[in-house]
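**Q** Next input, structure requested:
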Amino acid sequence: MSLDQAAVRKIAALARIEVADDELEHLAGELSHILHFVEQLAEVNTDGVAPMTSVAHLELPLRADEVTDGDCHELVLANAPDRRDDFFAVPKVVE
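**A** Numbers count the residues shown, from 1 in each chain. Prediction:
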């Protein structure tokens with residue numbers, strides 16, 4: 001499939017890209033080359049090939065869902081620059 005300047009101008013308008021008239025011919029050639037490559041990929045027989053996200057077989061490491069230390073609000077609040085009772089105090093940002 002080859003593109004002409006009118007098609008490239010329309011694609012640029014749809015993509016909201018400003019393209020000078022003297023660049024249209026060059027872009028038409030580049031886009032036509034890309035479309036030709038995609039057409040070649042479409043000819044590859046992929047029957048029986050499972051879709052994959054990576055060529056390497058990877059499994060995500062999972063950890064056991066266990067309850068960890070909690071109830072340490074005093075340690076957390078020790079880092080607070082300003083503290084009111086058991087809460088962080090922050091300056092008012094909305095008037």
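**Q** Please identify which helix or strand holds the nearest residue to residue 18 once chain neighbours are set aside.
**A** Sequence neighbours aside, residue 12 is the residue nearest to residue 18 in space, at 7.3 Å (criterion: CB to CB, 6 or more residues apart in numbering). (C-beta placed from N, C-alpha, C; glycine too.) Residue 12 is part of helix 5-14, with elements assigned from DSSP states H and E.
**Q** Report the buried residues of that helix.
**A** Neighbour-count burial for helix 5-14 flags 8, 9 (criterion: 16 or more other CB atoms under 10 Å).
**Q** chain center to that helix, what's the gap?
**A** 25 Å (CA atoms, centre = their mean, to the nearest Å).
**Q** which residues make contact with that helix from outside it?
**A** The set of residues external to helix 5-14 that reach it, using CB atoms under 8 Å, 6 or more residues apart in numbering, is 3, 18, 19, 24, 25, 27, 28, 31.
**Q** what's downstream of it, the next helix or strand?
**A** Under the assignment DSSP H and E, the closest C-terminal helix or strand after helix 5-14 is helix 24-42.
**Q** Could you give me the buried positions within that next one?
**A** Those would be 24, 27, 28, 31, 32, for helix 24-42 by 16+ other CB under 10 Å.
**Q** What is it packed up against?
**A** Applying 3 or more CB pairs under 8 Å, 6 or more residues apart in numbering; DSSP states H and E, one finds that helix 24-42 contacts helix 5-14.
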